[in-house]
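S.K.: Please work out how this folds:
(chains A, B, C and D)
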2 protein chains.
Amino acid sequence: MKVNIYDVAKAANVSIATVSKVINNTGRISDKTKKKVNDIIKELDYKPSLIASALMGKNTRTIGFILPDLANPFFSELARYIEDKANEYDYNVVICSTDYLKEKEDMYISLLMQKNVDGFILASGFEHFETVQKLMDEEVPVVIVARNYPEVPVNLVAIHDYEAGYQATSFLIQQGHQRISIIARDIWSNRERFRGYSDAMKDHQLPIPLEIYYAKESTIQAGHDSLQQIMQESKIAPTAIFACNDMMAVGAIKASQKMGLVVPDDISVIGFDDTLIAQIINPALTTIAQPKKKIANEAVNLLMSAIDGDTQNHTIILKTELIERDSVKKI
Amino acid sequence: MKVNIYDVAKAANVSIATVSKVINNTGRISDKTKKKVNDIIKELDYKPSLIASALMGKNTRTIGFILPDLANPFFSELARYIEDKANEYDYNVVICSTDYLKEKEDMYISLLMQKNVDGFILASGFEHFETVQKLMDEEVPVVIVARNYPEVPVNLVAIHDYEAGYQATSFLIQQGHQRISIIARDIWSNRERFRGYSDAMKDHQLPIPLEIYYAKESTIQAGHDSLQQIMQESKIAPTAIFACNDMMAVGAIKASQKMGLVVPDDISVIGFDDTLIAQIINPALTTIAQPKKKIANEAVNLLMSAIDGDTQNHTIILKTELIERDSVKKI
DNA sequence: CCACTCAAGTTAAGCGCTTAACCTTCCTGC
DNA sequence: GCAGGAAGGTTAAGCGCTTAACTTGAGTGG
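M.R.: Got it, this is the predicted structure:
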């Protein structure tokens, strides 16, 4: 059977309270006793049950990371950074993919609450803020990542999606493009990027070619299909595409190539996120980089101080960076 | 404060035992009482503490998935499938990246044991079987994935790496290649693939160009560097490369292109895993596909039956499939 | 020499559940 | 009319910890 605190206490000839105190380094215990107990612990290879101590109200040292899709490189890269940072605090992270489905968001959160996770990092859509609000009402530490709720006070680390959208579009305009289409999905961040795109176009007196066309997903396939649709519906084909993530950008490039267009000579494409795949696709993808590692670090730090009792809400907005590669041409 | 089983019992005018029984659907409770209790539960929005019930020896409904690197597409895709399948059983998965470091493997396993996870899926290297053995000695449900321990009885779902290596190499040979180099990393699966490669070469009386050169990592960069090294050290350049994963294959392609070689005309490349990136790289990567979804499903199923008390060890070897795309040329 | 302080433990309650054992009713059959 | 059993609960112990409150004994000052 597994060794518990009683076994240790018995072997060391002390009470379980003493053992508990030496483990947690609390209370007053003589060095001699401490050593004795620690020796026994090592000898018996005793590992305190975190379940039992969680039941006493201590931390479970586990956080939940709710994201849209772990198979999406942006999120898996982010998850890896979060995992590493959390690990510095001796935390584990349980990862839950929601596919942006409210029901999954709710289900996972509810389940993890039952498991007494110490806090959440939320990177899913949460179009219905009520779910998040409920968490906060119950004073569960939460930090939101990869989206913003300008109206509500929450812990949040994000980029400025509007500005990044503006930045991407302005860059395209600077490169001489005038007919620029956007490929986006109907989620908050993409809507903001779209706003940035729209304003940049307006500010330069350029027409927005099409009604907003939102992709169903943020996949390569969705980007591919979107480009085809754009090309079909445009009287005059765009010379540049702003895709709201790298996956869709890749899809757009693939679709272009299939149509016999060469990127960037016939059509330029800019992506978003700067995931692994931006360097794999040919031509290498010009894209707006999100500082994933920094986002992860800040998010975990924020969460940890919330867990430690900081009840203030902090908002951290990080800078994006335009990474120029080969998918955009000056015309 | 959070509502507990006593609150429910009081509100329903029954004992906590009764409440527990209706929740777990055990014991004998009249339909009337059941309904009454269930109504109260809904009304109070009561969610039983899984921590408390775990302390009573019930399942935590959490499994640990230990893998080398979540940011690696092969593993993030696999993780997503595992997560989904586990979710069908109402399980969460905590994901731990080890970078193939024994110390991290041990640390994570030990930590998760303290948290009473119900079982493990192990996809890290575990060159030192003792860690796994210790788990099994303590009768913790374990299933190993993505590698094989032919000598020991364990739950295991894997592919036949040796045969897959043989298959990849034979394919290259069929396509007319004779000077074939391999890019591999010093981990079990790659060593097996290497064995397959070697035997295929021998069986066709072809020389193995170089001493085994093991890449330091399984990254694009490592593949890139390996190709350069191969080219430098070869008196006669190979016409084909077998890279033991898609990432390294991409690196090899990138390096080739940088050297002015065109793939597949000047040099053919075959990868392994069939991750997302195989379809992104240009030319599209011919590769050996691992049935990731099937691996995930089988692994979770196996683990669940082990958790349910099945003490028999099962070995499931799944078939790989050669996916022909455009990175290998018949010469 | 006594009152007091303080160091170093111990005792015991309790966290929120599960479950074996027990207790009432009430029904059934002979 | 009553043993026997089943139906529908309740009681209470215990899972492995933490911690407030208490005990004990040694040291200290006046």
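S.K.: gap between A:Thr131 and A:Ile63?
M.R.: Look at A:Thr131 and A:Ile63: by C-beta to C-beta, to the nearest Å, they are 17 Å apart. In short, each C-beta sits where N, CA and C put it, glycine included.
S.K.: need the strands for the stretch 1-150 of chain A, in chain order.
M.R.: A:62-67, A:92-97, A:119-122, A:142-145 (DSSP state E, counting those that start in this stretch).
S.K.: rewinding a little: who's more crowded, A:Thr131 and A:Ile63?
M.R.: Comparing A:Thr131 with A:Ile63 by other C-beta atoms under 10 Å in any protein chain shown, the one with more neighbours is A:Ile63, at 28 against 17.
S.K.: Contact partners for A:Lys85?
M.R.: Residues near A:Lys85 by C-beta atoms under 8 Å, 6 or more residues apart in numbering or on different chains: A:296-297, A:299-301.
S.K.: out of those residues, which one sits closest to A:Ala9?
M.R.: Nearest to A:Ala9 out of the contacts of A:Lys85 is A:Val300 (C-beta to C-beta; 35.9 Å).
S.K.: how much space between the closest one and A:Gly119?
M.R.: 10 Å.
S.K.: Same check on A:Lys294?
M.R.: Taken as C-beta to C-beta, the span from A:Lys294 to A:Gly119 is 19 Å.
S.K.: So for the two, which sits in the more crowded spot?
M.R.: A:Gly119 (25 against 15).
S.K.: Quick check: A:Tyr197 touching A:Gly165?
M.R.: Yes - the criterion here is C-beta atoms under 8 Å, and A:Tyr197 meets it with A:Gly165 at 4.8 Å.
S.K.: Closest approach to chain B from the stretch 1-150 of chain A, which residue is it?
M.R.: Closest to chain B within the stretch 1-150 of chain A is A:Ser76: 3.5 Å, counting by C-beta to the nearest C-beta.
S.K.: list the contacts for that residue?
M.R.: Counted by C-beta under 8 Å, 6+ apart, A:Ser76 has contacts A:70, B:70-71, B:73, B:76, B:79.
S.K.: Pick the one among those residues closest to B:Ser110.
M.R.: Out of the contacts of A:Ser76, the member with the shortest distance to B:Ser110 (by C-beta to C-beta) is B:Leu70, at 19.6 Å.
S.K.: how about the nearest residue to the closest one, chain neighbours excluded?
M.R.: The shortest distance from B:Leu70 to any residue other than its chain neighbours is 4.4 Å, reached at A:Arg80 (C-beta to C-beta, 6 or more residues apart in numbering or on different chains).
S.K.: Now for the one you found: which residues touch it?
M.R.: Shown in contact with A:Arg80 (C-beta under 8 Å, 6+ apart): B:69-71, B:97.
S.K.: Please apply the same query to A:Val37.
M.R.: Residues in contact with A:Val37 (C-beta under 8 Å, 6+ apart) are A:8, A:12, A:14, A:18-19, A:22, A:29.
S.K.: returning to what we had before: and the residue nearest to B:Leu70, what's its pLDDT?
M.R.: What the model reports as pLDDT for A:Arg80 is 98.
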